[in-house]
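> sharing a sequence plus its predicted fold:
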Amino acid sequence: MKETKKEIGETLKVYPTETAIWKGLKSPHIQRNISDFMWKLLHGRLKIGMFWKQIPKYEERAHCKKCGHIETMDHILFVCEKEGREEIWNETEKLWNETTPEAEKNEWVHPSTMLIRGLGGIKKAGVFESKEITEKYVKLVLETVWILWKLRNEMVIGEKKIDGRQMRERWRKEINHIIETTYARALKQKSKDKRMKEIEKINGQWGKIIEKGKGKIEVKEWKG
Ligand SMILES: [Zn+2]
């Protein structure tokens, strides 16, 4: 946790306490299955790498099939040579630049495993212009991590073949879906005040690519 806090402080200029990092995993903008995943990541309970060494007949799962290295979260997210992994991060950055208002003031921060571990605890603006933009960053990065993790599981545990193009398509589809459902949820807020606030926030975060229809939105085609 010490290193995570240090990384967060250095890159995002926010300084959450350890308690804030744990508590933050329950924030409403973090999906429940992502917070469960994060909890396991922080406790070292994910079934990767050395975990498989002690499971008879599954020892070979300890190593990445593509590169042969011991599989770690860092390997899956930022090192693996599997086609599609790096492209997804590049597209994430492009999406950020394309949709963030005054993107030059809110420069994309390249995430790392250390940074990701602490993202739940980030509530303040820090290097970004506002709390809302920070929340967008946290959401976008964690959702992307979650998609990469699910894809990895389908390939390693489910033994499915997924190529780089399919990985990118999955990422794009899921991100669009998340933006749409966040908006749909905001519309359902009973209190008018809360509803307007939420909608304003989402417009600020994703306004450039959302198209409003009656009572719903659709994510427009974006270049990426
Ligand atoms: Zn690999």
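Yep, that arrived. Numbers count the residues shown, from 1 in each chain.
> count the neighbours of residue 80 for me.
Neighbours of residue 80 under the rule other CB atoms under 10 Å: 21. (Each C-beta comes from the backbone N, C-alpha and C, glycine too.)
> check whether it really touches residue 66, as I assumed.
Yes. With contact defined as CB atoms under 8 Å, residue 80 reaches residue 66; the gap is 6.1 Å.
> and the gap between residue 52 and the ion?
Residue 52 sits 14 Å away from the ion, going by CB to the ion, to the nearest Å.
> right, and the helix or strand after whichever helix or strand that residue is part of?
Following DSSP states H and E, the helix or strand that holds residue 52 is helix 50-53. Scanning forward in sequence from helix 50-53 by DSSP H and E, the next helix or strand is helix 73-74.
> can you pull the contacts of the residue nearest the centre of the chain?
Nearest residue to the geometric centre of the chain (CA atoms, centre = their mean): residue 142, 1.8 Å. By CB atoms under 8 Å, 6 or more residues apart in numbering, the contact list for residue 142 reads 30, 34, 38, 116, 119.
> same thing but at 10 Å, please
25, 29-31, 34-35, 37-38, 111, 116, 119-120 (CB atoms under 10 Å, 6 or more residues apart in numbering).
> would you mind identifying the next helix or strand past the strand or helix carrying residue 94?
Per DSSP H and E: residue 94 is located in helix 85-99. Going down the chain from helix 85-99, the next helix or strand is helix 113-118, by DSSP H and E.
> lowest-scoring secondary structure element of the protein by mean pLDDT?
Ranked by mean pLDDT, DSSP states H and E, the weakest helix or strand in the chain is strand 216-219, scoring a mean of 67.
> report how many residues lie close to residue 24.
By other CB under 10 Å, 20 other residues sit near residue 24.
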